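> Dropping the sequence and predicted coords here.
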Amino acid sequence: MLRNFTVLDVAGSIQAALLLSLFLFIPGFVIGWISNVFEFRARRLATQILLSSPLAVAIVPIFTYFAGRFPKVLWVLFASSWLVFFVLATRIVRRWRSRGAAVPKTAWIGIAFAAIWAATALATLVDLQFGHMLYFSSTAYDYSTRTAFTAAAVRVIPPYNPFFASDPPVGLRYHYFWMLICSLPARLGHMEPQQAMYGGTIWAGIVLMSLIVISLKFLVGVRERLERKAMIACSLLLVTGLDILPTLYIYLHWHQVNPDMEWWTDEQITSWIDSLLWVPHHVMSLVACMVGLLALRQPAATKYRRAVAILIAGLAFASSAGLSILLAFTFALFGGVWLIVAAHRKWWDEVKGLLAAGGVALLAAFPYLYTLAGPALDGSARGGRFFALSVRRFSFGTYLLYSRIHIFPQTILDLDLILLTLLPVSYFLELGFFFVVGVQRITQMRRRVAPMSRNEGTAWLLVAISFLIGSFVRSTTITSNDLGWRCFLPAQLILLLWAAVLIDEWWSKGCFGAGKKILAPMFAAILLIIGVLGTTYQVAMLRMYPILQDEGKVRSDTLVWLERDHELGQRTYALRSAYSTLRAMLPVDAVVQYNPNAPDFIPHELYSGRSAAMGLPQCGATFGGEVSQCEGRVQSVAPLFDKPSQSASADLDTVCRQYGIDVMLVDDRDPVWEQRDSWAWSRKPLLANSHVRAFTCGDAGRQVYFAPASVRGNSPGHSDIGN
């Protein structure tokens, strides 16, 4: 039977987004009401609604990390928040009706913004199906791994490394708190884990827009035309830098097209839409950090209210560490420098608040942070180096210097000097319109149009720390400089807030009107248009690149995770169909093994929903465990997929029993598929189609199915699916 996975993904993602309101908006509203942080109870209903989701992102992740160890306690506490919210909502509705108030126009505009974002996220992320062909988004490159983490969190909190199934289990070493949140609707609604992640991405955009509005109010101090500035700021999420220009240059000169426009450079400043679609957990860490910072900035009438604000801030900073250790590192450096500034200015209330909140954060986050101090990739030492000092790379600029101007560095020092010289060019291309905003803000500050208040100083220090880390520090835990990419999120937020104020000012002065020829606004308008065009192209390519590659319209010689035999759509449909059937058959703790060295790994990680004994090369020990503990699996599991001997069928059951594997799955890209006398063809499959064959093995090999008869039907033990 032909299943439409696009329809299933859209329905499941919407269901997940709706259920997430039970874990984000409602608990956040209750937290705000009980704590009265930001003077929550005295605020307008619109402000309360805007504060609720960011408050939840600040508190719920660290709460779930601890309470999730006791599932009954976790659900009782969530249910209690729902009950309290029901009581509060009933009172609010009664008061609303008694006043005869109507829903304000700005509320409908906010709903429209949320709906547009939800539609954009769904259109970009869900699988697209055409008959028996299925295409995932380019973002699946990242979602595949995090979907596996979400599936692991559905089974148990804290989750274990799903690529290293063992007894005892191996703890997961990753900033996975956003996956914990996304696992909650998957537990409640039984949707697939990737659909829960997509629903979480919808909420991430909504939470970010809420943060923008409350930051305009509480950080920038906007008092006039707040609604208009908020709409401008949220609209500016569509604006990226001038990335489209080097992207066009690369295409015209080398006919190269990347799945993501940001990949034109090795050190990106990611657009807002791209960050939300690829790495929503980093954006949510930014939200948690900003909520903590803003909570500390609120005036407190009593010591008790000050203590509550410090507690909220500390828990927010703790959550941020589990949402993104990279953003937490950036804010920790900011906090250290700000402490020095505050002490120098004798702002002792600021010093006490930061120290107290930092102490709460360290105490709450310590159990999680300790798990990150695991062995290095080679298993030789604990706590490998997190970062190194290095001038920000700009290969596109250095190439143009070498090829056009013929400037060649003779030493490393020469190269560093060249990179330092090119930094402004790199930042102008990456930021575009927002680069001009920063220059304008500096001009206003020099003219004392924007006075250097405490909040203004905070904003500037956030920008400075972001650029300092991004320019001279790079992460060393993975190949890409993830720290150098994500550290710019605080600066991007501040520049976006300033941009909204600046555009509103230009708008009020009529700088965009007919006949006006003011240089700065006109130049900024051109950059705005280029930025919107860049984002439009970026989203379209994220969606269409796998399809274009499968049709031979674009080249992907270096992208091993995209198959080049032009059967990507058919194979993906076959694999998802097989895994969908297996999920209905197998218990949640079953171990499904696929080829750990498969270059086209995305479907296996994205659709399996089960742990693997060796889910990645070296068992994914980067995410938990030690490589030395995986050596036996490297020698016994991986060779089964690489043209094994005829006796391997007997070895298969031995290996499965040794590592607790229940099902072995092969596809037509695995070398063993081509060997017709191998176990992949001599054994009777549990299910099979033209691209996939799955087999029970080990102790599970004595059984045909694991599901009850109502799920199995009357099949004799062989299922042809996805043909």
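Received the coordinates, thanks.

> what about the helices in the stretch 151-300 of the chain?
In the stretch 151-300 of the chain, the helices defined using DSSP state H, counting those that start in this stretch lie at 177-189, 193-218, 226-235, 244-254, 272-278, 280-297.

> Show me the contact partners of the shortest one.
Taking CB atoms under 8 Å, 6 or more residues apart in numbering as the criterion, the residues outside helix 272-278 that touch it are 120-121, 124-125, 139, 142, 201, 204-205, 208, 237-238, 240, 260-262, 270, 282-283, 489, 492, 496, 535, 538-539, 542. Where you see a C-beta, it was placed from the backbone N, CA and C, and this is true even at glycine.

> do the third one as well
By CB under 8 Å, 6+ apart, the list of residues contacting helix 226-235 from outside reads 106, 109, 113, 209, 212-213, 216-217, 222, 496-497, 499-501, 503-504.

> Show the buried residues in the residues you listed.
Among the contacts of helix 226-235, the ones that count as buried by 16 or more other CB atoms under 10 Å are 113, 209, 212-213, 216-217, 222, 496-497, 499-501, 503-504.

> burial count for Ser166?
For Ser166, the count of nearby residues is 18 (other CB atoms under 10 Å).

> list the contacts for it?
Taking CB under 8 Å, 6+ apart, one finds Ala613, Gly625, Gln629, Tyr659, Gly660 in contact with Ser166.

> again, only this time at 10 Å
Residues near Ser166 by CB atoms under 10 Å, 6 or more residues apart in numbering: Tyr160, Val591, Ser611, Ala613, Cys619, Gly625, Gln629, Cys630, Arg633, Tyr659, Gly660.

> between those, which is closest to Ser475?
Gly625 (20.8 Å; CB to CB).

> What residues does the closest residue to that closest one other than its chain neighbours make contact with?
Nearest-residue entry for Gly625: Val170, 4.0 Å, with adjacent residues in sequence omitted and distances by CB to CB, 6 or more residues apart in numbering. Val170 sits next to 160-164, 374, 611, 619-621, 623-626, 629-630 when contact means CB under 10 Å, 6+ apart.

> Go ahead and confirm Tyr198 touches Ser13.
Yes: counting by CB atoms under 10 Å, Tyr198 touches Ser13, with 4.0 Å between them.

> Overlap in contacts, these two.
Common neighbours of Tyr198 and Ser13, counting by CB under 10 Å, 6+ apart, are Ala118, Ala121, Leu122, Leu125, Val126, Met191, Glu192.

> quick one: which helix or strand includes the third one?
Secondary structure assignment for Leu122, by DSSP states H and E: helix 105-125.

> Name the next helix or strand downstream of the longest helix that the chain contains, please.
Using DSSP state H, we find that the single longest helix of the chain is helix 519-550. Past helix 519-550, further along toward the C-terminus, the next helix or strand under DSSP H and E is helix 568-585.

> the more surrounded of Tyr198 and Ser13?
Tyr198 (31 against 26).

> tell me the centre residue of the protein?
Centroid-nearest residue in the chain, with CA atoms, centre = their mean: Val279, separated by 2.3 Å.

> Could I have the buried ones of the contacts of helix 272-278 as PyMOL selection syntax?
Applying 16+ other CB under 10 Å to the contacts of helix 272-278, the buried members can be selected in PyMOL as follows:
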select buried, resi 120+121+124+125+139+201+204+205+208+237+238+240+260+261+262+270+282+283+489+492+496+535+538+539+542
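
> tell me the contacts of Gly221?
Listed by CB under 10 Å, 6+ apart, the contact set of Gly221 reads Ser453, Asn455, Glu456, Val501.

> Most neighbours out of those, which is it?
The most crowded member of the contacts of Gly221, judged by other CB under 10 Å, is Val501 (21 neighbours).

> My guess is that residue contacts Leu219. True?
No: Val501 is beyond contact range of Leu219, at 11.3 Å (criterion: CB under 10 Å).

> can you list residues touching both of the two?
Shared contacts of Val501 and Leu219 (CB under 10 Å, 6+ apart): none.

> before we move on, the earlier item: could the buried ones among the contacts of helix 226-235 go into CSV alongside distance to Trp347?
Listed next are the buried ones among the contacts of helix 226-235 as CSV, based on distance: CB to CB, whole Å:
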residue, distance to Trp347
Phe113, 36
Met209, 31
Ile212, 26
Val213, 27
Leu216, 23
Lys217, 22
Val222, 23
Leu496, 27
Leu497, 22
Ala499, 28
Ala500, 27
Val501, 25
Ile503, 32
Asp504, 30
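
> Lowest-confidence member of those, which is it?
The pLDDT minimum for these sits at Val222, where the score is 87.

> Please tell me how far it sits from Arg404.
Val222 sits 45 Å away from Arg404, taking CB to CB, to the nearest Å as the criterion.

> Over to Arg97?
70 Å.

> hang on, the earlier thing: farthest-separated two in the contacts of helix 226-235?
Thr106 and Ala499 (20.0 Å).

> Measure how buried the residue nearest to Pro71 when sequence neighbours are not counted is and give me the count.
Nearest non-adjacent residue to Pro71, counting by CB to CB, 6+ apart: Ile157, 7.8 Å away. When neighbours are defined as other CB under 10 Å, Ile157 has 22 of them.

> Counting by contacts, list what the one helix or strand Gly28 maps to packs against.
Assigned by DSSP H and E, Gly28 belongs to helix 25-35. With contacts taken as 3 or more CB pairs under 10 Å, 6 or more residues apart in numbering; DSSP states H and E, helix 25-35 sits against helix 45-67, helix 71-99, helix 193-218, helix 303-323.

> Distance from the chain centre to it, please.
Here helix 25-35 is found 24 Å from its chain centre; the criterion is CA atoms, centre = their mean, to the nearest Å.

> Now do the same for it: mean pLDDT, whole number.
96.

> CA-only coordinates of that helix in PDB, if you can.
The C-alpha coordinates for helix 25-35 follow below in PDB (Å, rounded to 0.1, in the frame of the first residue of the first chain):
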ATOM      1  CA  PHE A  25       3.600  28.100  26.800                       C
ATOM      2  CA  ILE A  26       1.400  26.700  29.600                       C
ATOM      3  CA  PRO A  27       4.300  26.000  32.100                       C
ATOM      4  CA  GLY A  28       5.900  29.300  31.200                       C
ATOM      5  CA  PHE A  29       2.700  31.200  32.000                       C
ATOM      6  CA  VAL A  30       2.400  29.400  35.300                       C
ATOM      7  CA  ILE A  31       6.100  30.000  36.100                       C
ATOM      8  CA  GLY A  32       5.600  33.700  35.400                       C
ATOM      9  CA  TRP A  33       2.500  34.000  37.500                       C
ATOM     10  CA  ILE A  34       3.900  32.100  40.500                       C
ATOM     11  CA  SER A  35       7.300  33.800  40.500                       C
END
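
> now the angle from that helix to helix 303-323?
When axes from the mean of the first three to the mean of the last three CA atoms, to 10 degrees is applied, the directions of helix 25-35 and helix 303-323 differ by 150 degrees.

> Show me what counts as buried in helix 25-35.
Phe25, Ile26, Pro27, Gly28, Phe29, Val30, Ile31, Gly32, Trp33, Ser35.

> do the same with stretch 578-587
Buried, per 16+ other CB under 10 Å, within stretch 578-587: Ala578, Tyr579, Ser580, Thr581, Leu582, Arg583, Met585, Leu586.

> per-residue pLDDT, the fifth one?
Read that as Leu582. pLDDT, Leu582: 93.

> any idea which of the buried ones among the contacts of helix 226-235 is closest to Ala153?
Looking across the buried ones among the contacts of helix 226-235 and measuring by CB to CB, the closest to Ala153 is Met209, at 26.0 Å.

> Give me the distance between the residue lying closest to the closest one once chain neighbours are set aside and Trp507.
Distance criterion CB to CB, 6+ apart; nearest residue to Met209, sequence neighbours excluded, is Cys234 at 4.9 Å. Separation of Cys234 from Trp507 (CB to CB) stands at 15 Å.

> Asp243 too?
Asp243 is 26 Å from Trp507, by CB to CB.

> which of the two has more neighbours?
Counted by other CB under 10 Å, Asp243 and Trp507 do not tie: Asp243 has more neighbours, with 28 against 16.
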